[in-house]
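[1] need coordinates for the following:
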Amino acid sequence: MPGLESHYNIFIRNDGMPLRTKIVATIGTPGIYKDNHIVDIKGEEVEENKITWEYLVKNFYENGADIIRLNCSHIELKDVGNVFREIKRAILQCEQENKQRKRMAVMADLPGPKIRFDIKNPVNVSVGSEFTIVFDEEVSEASAQTVYIDKVPLKKAQDEADELWRQCSSCPPGVEDCYAENVLGVPREGRSVGKRFCSFMNKIYEKLQDGKRVLVFVGDGEVVMEVVGKEFDVNTARLKCKIVSVKDNKITGHKGFTLKGIDIDMPTFTSNDAILLEKLLEADLDKNIQPGEPVMAFIALSFVQTADDVLRAREFIENILHKTLGEEARHGSPSIVAKLETSKGWRNRDFILDIADGAMVARGDLGLQMEIEEVPRLQKQLIELCNKRGKPVITATEMLKSMTGSIEPTRAECSDVFNAIQDGTDAVMTSEETSNGKYPFHTLRKMVSIAEKAELHFEMYEESEKRNIEINELKKSLKHQRVADFLKDDWTRIEENKNRIDGALTALHRHKAELPHCDDPGQSAKLKTSLDWRIGLYQEKLGKTSRQETTNRITQAACMLTEATGTKAILAASASGRTARMISRLRPSVPIIGAAHDLMNLRKMIISFGVFPICIGKVITSDSTDNMFKIFKEAVLEHGYLGEFFGQNDTLIFTAGTPLQTPGTTNLVQIKRI
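    Below is the predicted model of the structure:
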C-alpha cells in the first residue's frame, strides 16, 4: 500500500513537515469486521480471531486516524458503556507503548431524534402507486405507515413538546422570534399546545398552494414520494402521496422520514441522548481504566436546529461533571460539535456557533433536507464561517464511500476530499468506509495521501528544490496578504457577534424577571437555575468576544513572525486551547504546538488543523515573568514526538497570557531560541 512515511504516528509530507489535516474515522464493532472479512494494510484477509477492539484501534491509530468516531445510533443502549471502555483501553495502550507518540481522542456521535417509519412487515412499492403517511395514530398497512419520533407518533410527540414547554415557561413581550427559539427554546410558531404540528402541516400546505412539489424521502432516498395536492387536507394528520422513484421494491424495518425543505420542529437533545451521554461520561471517568485520564474530547449532536439544542446538552454535561470536577466542570467538559444537517440549523448557524465548540458539515441529511445542488455552496460557506470564528469544522459523508468495497476510491471522491481541505476544513471524516467496509485501513491511508497533496498544493510546494527557492519570497508575500485579507472584516464580525450575545443576555434577563407561576415548586427552581446557568455562559462568551481584537492581533503577529524570521514552529501555551485554534485558522506555514495544562484540553486541540498538542501540566503558581519562562522550558522538554521537526538552537514563536492558566487572556508573543 503506497503512502506517506509515518514517525511516531505522524505522517511526514514530502517537504519534511507533518501532515496537518486531521482524520476522523468511524469505527464499527469487531463482529461487523469479521462478517465483512476485512483486509489489512498488506492486502491480506485478517483472521477472525485477531479482530478485537485492541486490534482495530491500533490499526486506526497506526494508519492515520486522529479521532475515533463512535456512532451511538448503531450501538445498543445497554452496551454503549462497555464498548466505550474497550475503545478507551485500546487508545491508552497505544499511547503508553511509546510515550513520545501523538495523542488520540474519541468523538461520541449522539443519534438525536429518530424520525422514521417502523415497518413491521415488508411493504412492496412501485412507481405510480399510492401511499398514505400517518402522523397521529399507529398504522401499519401495505399502503399506509405511521411516522414516529423515537417511538411516539409525530403529532403526539410535537403536542407533548408544546405541553412541556407551556407548563412552566413563557415568552416575554418584545423578545424577537430568533432569540426566543435560540436562547429560550420557545417554538417560533405559536404558544399553545398543538401549534407546533399545525405549523408543520401549514408549511406543507403553503408549499403546495404555491404550486411547488413536496417530496418525501424514505431512508437515504431508497423510495421518493410526492405529496398529492388535490388529496391533501390541512386539518388531518396524514398525507396522501404518490411514489415517484424506487431503488428497492421493498421497504422494511426502521426507515428515516424526510420532507425536503420542511423542518420538523423538535428539541433535538433527546432523553435517549441524555441516557447515552450519562453512560459515556461515567465510562470515561471510570478510575479502573489506567492511566486515569479522559479520552472523550468531543460530543457530536445530531440535527441541531437552534442554540437551545446545544445549551441543553452543554448544561446536562456540566451538571454531571460538576459532581466530580466541581467548579472545573466547564473547563473539563468535552467539546460540542454541532451537526448542521437541516435548513433550520443553517438559518440559525450564527446563534449555534455562539455556543457550540465546532461544527460538522453533515452532507447526508443536508442533501435530503435541501436541494442537493445547494450542498456544495453551503459546505464552503460553513467552512469559511467556522474558520473566521476559530471553530474547528469537520467535513463528512460519502467522502471515500466507494472504498467500502473497493481498494481504490473514485476520481470524484479524491477531488471531494482535496477540495474540502483547500476550502479550509480542519478535519475530514470517514463513515461506512471504515465502520463496515472491507478496506478500512486502506481508506485511512488514502485519506492521508490525498490530504498531503492538498496541503502541498495550498502551500505552493514544488518537487524541485530550485523551484522552491524561487517561489519562497512569493510565498511569504502571499501569506502576508492572505492573513490580512482573512482579518479585514473581523471588526464587523466581532461587533455582530457582540450584539447578538448582548441580545441573548437581554432575552434571558427579561425571561427570568417575568417567569410565570408554576404549580411545581421544584420545576420552577430548576428553571431558574437553568436560566442563571445560561446567563453565566453567555456572559463568559461576551467577555471572550470583547477580547477578540487583542487575540486577533497576537495571533496575526505570531503568523507574520514565522514568515519573517524563519522559525520552525509556533508554541502556543493555552489553558483552553483557544489561542491554538485562533492561530490555526490563519494557516501558518509551520506546525503549531498547543501546550495545554491538562489532558482534556490537550485532546480537544487534536481536531484543529496543524495543531500538535502536548501537556505541560500546572507548572506555575503566579503570573511572573519567571513563570513564563517555566512554561516555555517545560514545553520544550515535553515536546516528545515533535523533536523531529526542530531542535537545539532553533527558534520558535511563543505565545502565552497573564493571568496564567486563565482562558482568554493571551497577550504575549515572543521569539525564543531553544
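
[2] residues touching the nearest residue to residue 609 once chain neighbours are set aside, list them.
    Spatial nearest neighbour of residue 609, excluding adjacent residues (C-beta to C-beta, 6 or more residues apart in numbering): residue 426 at 4.4 Å. No exception for glycine: its C-beta is placed from N, CA and C like everyone else's. For residue 426, the contact set (C-beta atoms under 8 Å, 6 or more residues apart in numbering) comprises 21, 22, 358, 386, 392, 393, 394, 584, 607, 608, 609.

[3] now with 6 Å?
    Residue 426 makes contact with 22, 392, 393, 607, 608, 609, according to C-beta atoms under 6 Å, 6 or more residues apart in numbering.

[4] just to check, the fifth one is in contact with residue 392?
    Meaning residue 608. Yes. Taking C-beta atoms under 6 Å as the definition, residue 608 is a contact partner of residue 392 at 5.2 Å.

[5] and this protein, what are its domains?
    20-111+269-458, 115-259, 490-546, 553-673 (automatic domain parsing).

[6] one step back: with residue 78 as the reference, measure out to the residue nearest to residue 609.
    Distance, residue 426 to residue 78, by C-beta to C-beta, to the nearest Å: 34 Å.

[7] with residue 368 instead?
    Look at residue 368 and residue 78: by C-beta to C-beta, they are 30 Å apart.

[8] now swap in residue 494 and tell me
    Residue 494 is 47 Å from residue 78, where distance means C-beta to C-beta.

[9] the two: which has the busier surroundings?
    Taking other C-beta atoms under 10 Å, residue 494 and residue 78 do not tie; residue 494 has more neighbours (18 against 8).

[10] any idea of the pLDDT on that one?
    Looking at residue 494, its pLDDT stands at 93.

[11] likewise residue 590?
    Per-residue confidence for residue 590 comes out at a pLDDT of 91.

[12] before we move on, what about residue 469?
    Residue 469 is given a pLDDT of 60.

[13] and residue 393, bridged to which residues?
    residue 359 (DSSP bridges).

[14] now do the contacts for it.
    Residue 393 makes contacts with 359, 383, 386, 425, 426, as judged by C-beta under 6 Å, 6+ apart.

[15] closest one of those to residue 442?
    Nearest to residue 442 among the contacts of residue 393 is residue 425, at 21.7 Å by C-beta to C-beta.

[16] now the closest one. Nearest residue, chain neighbours left out?
    Closest to residue 425 by C-beta to C-beta, 6+ apart is residue 395, at 4.4 Å.

[17] tell me the contacts of the most centrally placed residue in the chain?
    Centroid check for the chain by C-alpha atoms, centre = their mean gives residue 337 as the closest residue, at 3.1 Å. Counting by C-beta under 6 Å, 6+ apart, residue 337 touches 298, 300, 358, 360.

[18] for residue 33, which non-adjacent residue is closest in space?
    residue 51 (5.1 Å).

[19] gap between the one you found and residue 94?
    According to C-beta to C-beta, residue 51 stands 16 Å off from residue 94.

[20] sorry, back to before: where does the residue nearest to the centre of the chain land in three-state SS?
    Following DSSP: H, G, I helix; E, B strand; the rest coil, residue 337 is assigned to strand.

[21] with residue 108 instead?
    Following three-state DSSP, the label given to residue 108 is strand.

[22] now do the one 3 residues further on
    Taking three-state DSSP as the rule, one finds residue 111 in the coil state.

[23] can you get me a residue count around the residue nearest to it when sequence neighbours are not counted?
    Once flanking residues are discounted, residue 111 sits nearest to residue 73: 4.1 Å by C-beta to C-beta, 6+ apart. Per other C-beta under 10 Å, the neighbour tally for residue 73 reads 11.

[24] the one 3 residues further on now?
    With neighbours defined by other C-beta under 10 Å, the count for residue 76 comes to 8.

[25] neighbouring contacts of stretch 172-183?
    Contacts to stretch 172-183, defined as C-beta under 6 Å, 6+ apart, come from residues 171, 186, 188, 306-308, 348, 351, 503-504, 507, 510-511, 514.
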